[in-house]
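Q: Sequence plus predicted model, see below.
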Amino acid sequence: MKLINAVFEGGGVKGISLAGAICATEEQGITFNRVAGTSSGAIVAALLAAGYTCREIRELLETTPFQSFLRRGFIYNLGVIGPALRLMVHGGFYSGAGLTGWIEQLLAKKGVRTFGDLPHCKLRIVASDISNGRLLVLPDDIVYYGQEPKKMNIAAAVRMSASIPYFFDPIRIRMMLPEGKHGPWSYIVDGGLLSNFPLWIFDTEQRGMEKPVPTVGYQMVGKNKTEPHRIRGPVSMFQAIFETMLQAHDERYIKRKNTDRTVKIPTLGIRTTQFHLSKEQSDQLFVSGYDAAAAFFEQATL
């Protein structure tokens, strides 16, 4: 039996392609040891860690109407000023509560709620603390906020990691001061701001091991990386800034020494927040992920 640690890149709705890549990996007789991810990659990693098969993950991602997570409250519907007012009050256009509830229900079906319900270090999720300028690797770094890592709710960690700035509300959590008192509020948002593809995440702990488990990264690449963004206003400008950050942050690290352990999945020009995918687009993304992983493992030496 071959073991790998897997790291899944964030990419919004493009995460369907990761399900295809997982299926191709498992068909090679490879078992996932530890898994990690950012944003949609965190969703896939959490489901995989909880025991979902690649086929189950595909069905969930293809049949879930992700636009239903874009719940609009009464503030949003207050005419032209509604969206701007909600953004000022809550920090996002949508609450993200639907996403949290969806993940909680799926994990509960496998008897999983907290990180303590999983094998030790099975799952790691990346988020960004923009109040303190800190990258968070969860559950370990939840200690900064006075919480026990094993007791941390996995759905809450996924929600933090997937909090696309301005799109979903940031998660607010209090820092814990050295003297044991609660400090100021910290705002936690999408891990992609600081590391959308944390391929490094298992390296340090395995340094010096006689037989380290190889780490394979699953990265989503696409035509939109070479097409210019059309800037029509502040919202489209922010989307361009955010997608540029997602694409660029880890690229130098990958190019320098890690292309030989990265599955590059073409995402067919589909954008991160393109929530209304057709069945044909979903199928194409799945096949793209499957083909990319199959080709990678035919050549890889693990």
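A: Happy to help now that I have it.
Q: how far away is Phe296 from Met152?
A: Counting by Cβ to Cβ, to the nearest Å, the separation of Phe296 from Met152 is 33 Å. For glycine as for every other residue, the C-beta is placed from the backbone atoms N, C-alpha and C.
Q: just Pro266 next, same as before
A: Taking Cβ to Cβ, one finds Pro266 at 35 Å from Met152.
Q: between the two, who's got more neighbours?
A: Legend: neighbour count by other Cβ atoms under 10 Å for Pro266 and Met152, higher for Met152 (22 against 17).
Q: Quick check: the closest residue to the more buried one other than its chain neighbours vs Ala45, distance?
A: Sequence neighbours aside, Pro139 is the residue nearest to Met152 in space, at 4.3 Å (criterion: Cβ to Cβ, 6 or more residues apart in numbering). Using Cβ to Cβ, Pro139 is found at 13 Å from Ala45.
Q: joint contacts of those two?
A: Counting by Cβ atoms under 8 Å, 6 or more residues apart in numbering, the residues touching both Pro139 and Ala45 are Arg124, Ile125.
Q: Compare these two and say which is more crowded by neighbours.
A: With neighbours defined as other Cβ under 10 Å, Pro139 and Ala45 compare such that Ala45 has more, 29 against 25.
Q: Got phi/psi on Thr267?
A: The phi/psi pair for Thr267 (degrees, to the nearest 10) reads phi -110, psi 20.
Q: just checking, it touches Ile16?
A: No: at 9.3 Å, Thr267 and Ile16 do not qualify as touching, with contact defined as Cβ atoms under 8 Å.
Q: Next, show the common contact partners of those two.
A: Common contacts of Thr267 and Ile16 (Cβ under 8 Å, 6+ apart): Leu285.
Q: what number of residues lie near the nearest residue to Leu277 once chain neighbours are set aside?
A: Computed as Cβ to Cβ, 6+ apart, the closest residue to Leu277 that is not its neighbour in sequence is Val13, at 5.8 Å. By the criterion of other Cβ under 10 Å, Val13 has 22 neighbours.
Q: follow-up on the earlier one: which residues touch the residue nearest to Met152?
A: The contact partners of Pro139, by Cβ under 8 Å, 6+ apart, come to Phe115, Arg124, Ile125, Pro149, Lys150, Met152, Ala157.
Q: per-residue confidence at the nearest residue to the second one once chain neighbours are set aside?
A: So the one you mean is Arg124. Setting aside the residues directly before and after it, Arg124 is nearest to Ala36 in space (Cβ to Cβ, 6+ apart), at 4.0 Å. Ala36 carries a pLDDT value of 98.
Q: Tell me what Ala36 is bridged to.
A: Val7, Arg124 (DSSP bridges).
Q: could you show me where the strands are in the stretch 101-250 of the chain, in order?
A: For the stretch 101-250 of the chain, the strands defined by DSSP state E, counting those that start in this stretch occupy 123-129, 134-138, 166-168, 171-176, 182-190, 215-221.
Q: about what we covered before: any idea how far the residue nearest to Met152 lies from Gly41?
A: Note on Pro139: its distance to Gly41, by Cβ to Cβ, is 16 Å.
Q: Likewise for Val213?
A: Per Cβ to Cβ, Val213 is found 19 Å from Gly41.
Q: the more surrounded of the two?
A: A direct count of neighbours by other Cβ under 10 Å for Val213 and Gly41 places Gly41 higher, at 33 against 15.
Q: Tell me which residue is most central in this protein.
A: Taking Cα atoms, centre = their mean, the centroid of the chain lies closest to Ser39, which sits 2.1 Å from it.
Q: what's near enough to touch the closest residue to it other than its chain neighbours?
A: Distance criterion Cβ to Cβ, 6+ apart; nearest residue to Ser39, sequence neighbours excluded, is Gly10 at 2.9 Å. Neighbouring residues of Gly10 by Cβ under 8 Å, 6+ apart: 37-42, 161-162, 190-192, 196-197, 246, 272.
Q: So which of the residues you listed is the closest to Leu61?
A: Nearest to Leu61, judged by Cβ to Cβ, of those is Ser40 at 8.8 Å.
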